[in-house]
Structures are given as C-alpha cells and as structure tokens.
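Participant: Could you work out the structure for the sequence below:
(one chain, ligands or ions: 1)
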Amino acid sequence: MSDFSDAWLALREPADNVARADALVADLASLTKAGPSAVLDLGCGTGANLRHLLPLLAPPVAAPSSQTGRGWQRWTCVDHDPRLLARLPARLSDWAASEGSTITQVGNTLELTGGRGAARISTMQLDLMAGIDDLPLPEGGLVTASALLDLVSADWLDRLLWRCRDAHCALLFVLSYDGRCELQPSLAEDADVIGLVNRHQCTDKGFGPALGPAAAGEAEARCTALGYKVRSADSDWRIGADASALQTALISGWYEAALELIDAGRSISALSRADLQRWRTTRLAEVEAGRSRLRVGHRDLLALP
Ligand SMILES: C[S@@+](CC[C@H](N)C(=O)[O-])C[C@H]1O[C@@H](n2cnc3c(N)ncnc32)[C@H](O)[C@@H]1O
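Facilitator: This next block holds a predicted model:
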C-alpha cells in the first residue's frame with residue numbers, strides 16, 4: 001500500500017495540469033497521425049496522467065472498430081495500491097462527463113468514446129519493484145509516468161530503461177520533483193527545512209534508495225546514453241494564495257519529513273524540533289493570511305527511440 005491518498009492526488013491534479021510542459025507532448029503526438037497506439041502508465045494512482053494525456057495524444061475518432069480494434073488507443077494503468085485503482089473508474093467517468101465523452105465498462109475494460117478520443121483502458125495491480133519483469137511493455141508504444149520518477153532507485157530505473165529500449169518504447173516522465181523550492185515570504189529556516197526535505201526524498205520509497213531530486217537529471221543522462229533523443233523542460237508548481245489547501249498539505253508534509261530526520265538524529269543542520277515547529281506555525285499563518293506563495297520545481301522528460 002502507498003502513502004498517497006485519493007484526496008492528495010485530487011488536490012495536486014489541478015496544479016499538475018497547469019505545470020506540465022505540454023510542448024513535449026506535442027512532439028510526441030506529431031510523430032504519428034493517430035498518436036501512440038498503446039500506452040503504459042506506471043504508478044497511475046487514480047488516472048490523472050491518463051486524463052491529461054489522452055486528449056493530447058488520441059485524436060477524436062468518429063467510429064473506432066470493435067472488431068479490428070483500429071482507432072482505439074490502448075491504455076494499461078499500473079499501480080500497487082488497490083484503493084487508488086478502485087477509484088480510477090469513477091474519477092474517469094466524472095472527467096469524461098465534463099468533457100463530453102462517455103465511459104462504458106466492457107468486461108474488465110473501460111471504453112472511452114466521444115470528443116476526447118477513443119481509448120480502451122485497463123488497470124493492473126502490480127508492485128513495480130517486485131514485478132518490473134512482468135510489466136506489459138507496449139512494443140513501439142509509449143511508457144509514461146507522472147510524479148513517480150523521484151521515488152525510484154537508480155538500479156530500478158536502469159532495469160526499466162533497458163527493457164523500454166529493447167521494446168522500442170517512447171518515454172514520457174513528467175512532474176519529477178527536482179529539489180528547487182521558493183517560499184514567499186521567506187523565513188530564515190526555509191533553506192534548512194527544504195534541505196531536510198530533499199534528504200528525506202532520497203530515503204527508500206519502496207524501490208531502494210530513491211533518486212529524489214536527482215531523478216530527472218539521472219533519467220535524462222541514462223536515456224541519452226541508451227541512444228534516445230531526449231528533450232526536457234521545467235514543470236514547476238506555482239502555487240498562489242488561493243490554493244490554500246494545497247499549500248497547507250505541502251507545508252505539513254515538509255514538516256513531517258523534516259521532523260522524521262531530526263528525531264532520527266539524521267539532521268544535517270542546527271535546526272531543532274522547536275525551530276521546525278515555529279517554522280510550521282509561521283508558514284501556516286502566512287497561508288491563512290493569504291500572503292503565502294510557493295514555487296516547487298519539477299522536470300518533464302521526453303525520450304524518443
Ligand atoms: C505521487 S503518486 C502519482 C500518482 C499519479 N501518477 C498522479 O500523477 O496522480 C505515486 C504513485 O505511485 C504509486 N506507487 C508507489 N510505489 C509503487 C510501487 N512499488 N508499485 C506500483 N505503484 C507504486 C503510488 O501508489 C501512487 O499512485
């Protein structure tokens with residue numbers, strides 16, 4: 001089971017959608033008239049990556065063929081958390097209704113038709129660490145992940161990339177946290193807190209020691225070495241005063257991560273428990289007063305075989 005709740009994923013989805021570097025997706029979509037015929041979404045959660053990418057990658061099709069499968073984009077959405085996977089159909093239906101599309105359950109597959117392209121979507125519960133060799137890579141298709149890469153280890157990433165290269169898959173890894181944070185108004189403790197957060201990001205998140213803020217850069221270097229054509233761009237969250245719930249969740253999460261390291265005696269600064277608690281109280285008061293603004297650095301990466 002993961003630490004990611006349905007509520008947290010729903011809270012971050014609007015900020016993610018605004019931040020994404022969609023010029024990279026346009027490059028991918030222009031490769032083929034109909035976009036990739038098959039897509040594998042790793043660490044899909046409740047399907048946010050699918051909801052964002054499908055309209056960009058699958059051009060509307062009037063009448064996809066049930067017999068031949070032609071005209072459908074096939075999506076396989078993988079996650080180890082059954083609670084998140086169970087929420088995916090309802091989240092997708094709500095989104096489809098708001099976009100003028102329809103979702104129909106056909107056996108174990110969700111069929112999306114209407115203005116947002118035609119897709120056959122299936123979910124797969126799999127631990128990506130233990131089950132990496134069981135991943136159904138789409139030969140010549142797209143492997144994508146949003147907000148996953150910073151959780152994985154260098155060894156796991158290497159294994160994934162070798163398999164993807166051998167299967168001639170294009171890669172789109174978006175919203176990898178890169179360690180840059182700007183907090184307004186600034187406080188003296190900000191740098192120490194973010195330093196601890198970035199150190200916590202490199203602890204084991206289920207894949208071995210996590211790449212954390214280095215993930216996007218490491219992935220870019222590895223893809224280039226494997227012969228991929230690589231493009232990358234910033235996809236920073238710029239969180240305004242109106243997004244107080246997201247700000248509160250982030251500040252609370254940063255506090256918990258920093259506290260864990262301080263309590264474990266693994267701090268890298270003179271920041272004490274009391275300093276950290278004062279920092280949180282002041283930060284949350286700034287959010288409450290409508291004065292707080294946050295910028296959180298992310299990177300998007302496109303790699304074409
Ligand atoms: C930050 S969330 C991103 C979710 C989704 N891609 C999005 O953008 O909303 C990371 C996701 O990776 C999944 N995850 C973490 N470790 C995993 C593992 N070992 N195997 C499969 N999924 C995993 C979590 O359950 C969660 O859904």
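
Participant: interface residues of the stretch 51-200 of the chain facing the ligand?
Facilitator: Residues of the stretch 51-200 of the chain lying near the ligand by C-beta under 6 Å from any ligand atom: 79-81, 84, 127-129, 146-148, 151. C-beta coordinates here come from the backbone N, C-alpha and C atoms, glycine included.

Participant: and if we set it to 5 Å?
Facilitator: Those residues of the stretch 51-200 of the chain that sit near the ligand, judged by C-beta under 5 Å from any ligand atom, are 79-81, 127-129, 146-147.

Participant: Which among those residues count as buried?
Facilitator: 79-81, 128, 146-147 (16 or more other C-beta atoms under 10 Å).

Participant: Surely residue 117 and residue 54 touch.
Facilitator: Yes: assessed by C-beta atoms under 8 Å, residue 117 is found in contact with residue 54 at 5.5 Å.

Participant: shared neighbours of those two, anything?
Facilitator: residue 73 (C-beta atoms under 8 Å, 6 or more residues apart in numbering).

Participant: Please identify the helix or strand for residue 140.
Facilitator: Assigned by DSSP states H and E, residue 140 falls within no helix or strand.

Participant: Now do the nearest residue to it once chain neighbours are set aside against the ligand, distance only.
Facilitator: Nearest non-adjacent residue to residue 140, counting by C-beta to C-beta, 6 or more residues apart in numbering: residue 168, 5.0 Å away. Distance, residue 168 to the ligand, by C-beta to the nearest ligand atom, to the nearest Å: 23 Å.

Participant: contacting residues for residue 168?
Facilitator: Contact analysis of residue 168 by C-beta under 8 Å, 6+ apart lists 139-140, 305.

Participant: Would you mark the buried spots in stretch 247-256?
Facilitator: 247-251, 254-255.

Participant: Using TSV, lay out those together with pLDDT and secondary structure.
Facilitator: Below are the buried residues of stretch 247-256 laid out as TSV (pLDDT from 0 to 100; DSSP: H, G, I helix; E, B strand; the rest coil):
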residue	pLDDT	secondary structure
247	98	helix
248	98	helix
249	97	helix
250	98	helix
251	98	helix
254	97	helix
255	97	helix
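
Participant: Let me know the helix or strand that the residue nearest to residue 140 is in.
Facilitator: Residue 168 belongs to no helix or strand, assigned by DSSP H and E.

Participant: re earlier: among the buried ones among the residues of the stretch 51-200 of the chain next to the ligand, list the two that are farthest apart in space.
Facilitator: 80 and 146 (15.8 Å; C-beta to C-beta).

Participant: what about whichever strand or helix holds residue 40 and the ligand, touching?
Facilitator: Using DSSP H and E, residue 40 falls within strand 38-42. No: using C-beta under 5 Å from any ligand atom, strand 38-42 never reaches the ligand; the gap is at least 7.1 Å.

Participant: List the buried residues for whichever helix or strand comes after that strand?
Facilitator: Using DSSP H and E, the next helix or strand after strand 38-42 towards the C-terminus is helix 48-57. For helix 48-57, a neighbour-count test (16+ other C-beta under 10 Å) marks 48-54, 56-57 as buried.

Participant: any idea how far residue 292 lies from residue 235?
Facilitator: As judged by C-beta to C-beta, to the nearest Å, residue 292 and residue 235 stand 21 Å apart.

Participant: can you give me the helices in the stretch 151-300 of the chain?
Facilitator: With DSSP state H, counting those that start in this stretch as the criterion, the stretch 151-300 of the chain has helices at 154-166, 190-200, 215-225, 244-263, 273-288.

Participant: What helices and strands are in contact with the second one?
Facilitator: Here helix 190-200 touches strand 170-184, helix 244-263, helix 273-288, going by 3 or more C-beta pairs under 8 Å, 6 or more residues apart in numbering; DSSP states H and E.
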